[in-house]
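Q: Predicted model, plus sequence, below.
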Amino acid sequence: EAQVTQNPRYLITVTGKKLTVTCSQNMNHEYMSWYRQDPGLGLRQIYYSMNVEVTDKGDVPEGYKVSRKEKRNFPLILESPSPNQTSLYFCASSLRPGVAGELFFGEGSRLTVL
Amino acid sequence: TQLLEQSPQFLSIQEGENLTVYCNSSSVFSSLQWYRQEPGEGPVLLVTVVTGGEVKKLKRLTFQFGDARKDSSLHITAAQPGDTGLYLCAAQNTNAGKSTFGDGTTLTVKP
C-alpha cells in the first residue's frame, strides 16, 4: 500500500530534550516536506527536500533541522524543543513538486513540549 | 510569505444546503489545490487547478480558479454529513518546492 509513515504519532517531552520524528514514504517520490498545523493557522511549511541531499527552508524553519540521506526517509529533528513547538506535525511527499504535484500526507505526529 | 486567506473560517449548515468556500490572495499562483482533512488524518487532495478561469467538477463539488489566478472557490451542492471536515486550499508558485496553505474552513453538515 502506498503510504507516508510517521513516528511517533504522539509524543510528550520536556524542554531541551532532543527528539526526532521519522518520516518514510514507499512511493519513490523525489519531493518531501514537513509542515506544522496549529489552530487557526493552517499548515505552515517547515522544510522541504527536492531530492536526496537537497533540502531548503520553508516558512517556519527556526528550531528545526532535517536531513535527506535516502530518498525514502526525511526525519525532522528538534535539537532543543521548546513549548512553542507544541503542535501537530505532518510529513508529505510528492512525485514532483509544484504544478499538479499532489501531496501525500502522513497521519500526523502530535508533539507536546512541557 | 505569500498569504492565502480562506473564508469563512467556520461553516455549519443543514444537510441539503449549498455552500461556497473562498480562497483569496494578492499573489498570482501557477497552480492551486484543494485538500480535505478529517480529524486524526492528514489532508487528502480533492483537485488541482492550473489554468485561469478553469472549472472542475467532482460529483457535487465544483472548483473554480480565478481568471487572474489569484483566487479560487469551492462550491458544494446539496451538502451531506459526509462532507464534514476541514477544507484547505494550497498554492505553489515559481519556487516549486515551497507551498502555501490557507488557514482552512471547518465545515459541519448536520443531518
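A: Alright, I've got the coordinates.

Q: Return the backbone torsion pair for B:P39.
A: B:P39 adopts backbone torsions of phi -50, psi 130, taken as degrees, to the nearest 10.

Q: likewise A:Q85?
A: Dihedral angles for A:Q85 - degrees, to the nearest 10 - are phi -100, psi 0.

Q: and if you look at B:Q33?
A: Backbone torsions for B:Q33, taken as degrees, to the nearest 10, come to phi -130, psi 150.

Q: repeat for B:D83
A: In terms of degrees, to the nearest 10, the main-chain angles of B:D83 are phi -80, psi -10.

Q: cool, A:P83 as well?
A: Dihedral angles for A:P83 - degrees, to the nearest 10 - are phi -60, psi -30.

Q: how many neighbours does it have?
A: 10 (other CB atoms under 10 Å in any protein chain shown). Using the backbone N, CA and C atoms, a C-beta is placed for each residue, glycine as well.

Q: remind me which residues of chain B are low pLDDT?
A: Residue ranges of chain B with pLDDT under 70: B:1-2, B:94-96.

Q: Do a quick rundown of the strands in it.
A: Listed in chain order, the strands found in chain B under DSSP state E are B:5-7, B:10-14, B:19-24, B:31-37, B:44-49, B:55-58, B:61-65, B:71-76, B:85-92, B:99-101, B:105-110.

Q: how near is B:V109 to B:P43?
A: 18 Å (CB to CB, to the nearest Å).

Q: who in chain A is up against chain B?
A: Contact residues, chain A versus chain B (CB under 8 Å from any CB of the partner chain): A:4, A:31, A:33, A:35, A:40-45, A:48, A:50, A:56, A:58-59, A:90, A:92, A:96-103, A:105-108.

Q: Give the buried subset of the residues you listed as a PyMOL selection command.
A: Selecting only the buried entries of the residues of chain A next to chain B in PyMOL, with 16 or more other CB atoms under 10 Å in any protein chain shown as the criterion:
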select buried, chain A and resi 4+31+33+35+42+43+44+45+48+50+58+59+90+92+97+98+101+102+103+105+106+108
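
Q: so what's B:P81 up against?
A: B:E15, B:V109, B:K110, B:P111 (CB atoms under 8 Å, 6 or more residues apart in numbering or on different chains).

Q: mind running it again at 10 Å?
A: Shown in contact with B:P81 (CB atoms under 10 Å, 6 or more residues apart in numbering or on different chains): B:Q14, B:E15, B:T108, B:V109, B:K110, B:P111.

Q: picking that back up, out of B:V109 and B:P43, which sits in the busier spot?
A: It is B:P43, of B:V109 and B:P43, that has more neighbours when counted by other CB under 10 Å, with 27 against 20.

Q: Leaving out sequence neighbours, find the closest residue to the more buried one.
A: Nearest residue to B:P43, sequence neighbours excluded (CB to CB, 6 or more residues apart in numbering or on different chains): B:Y35, at 3.7 Å.

Q: try B:R36
A: Nearest non-adjacent residue to B:R36, counting by CB to CB, 6+ apart: B:G85, 5.0 Å away.

Q: B:G40 is in contact with the one you found, correct?
A: No: if you go by CB atoms under 10 Å, B:G85 and B:G40 don't touch, sitting 11.3 Å apart.
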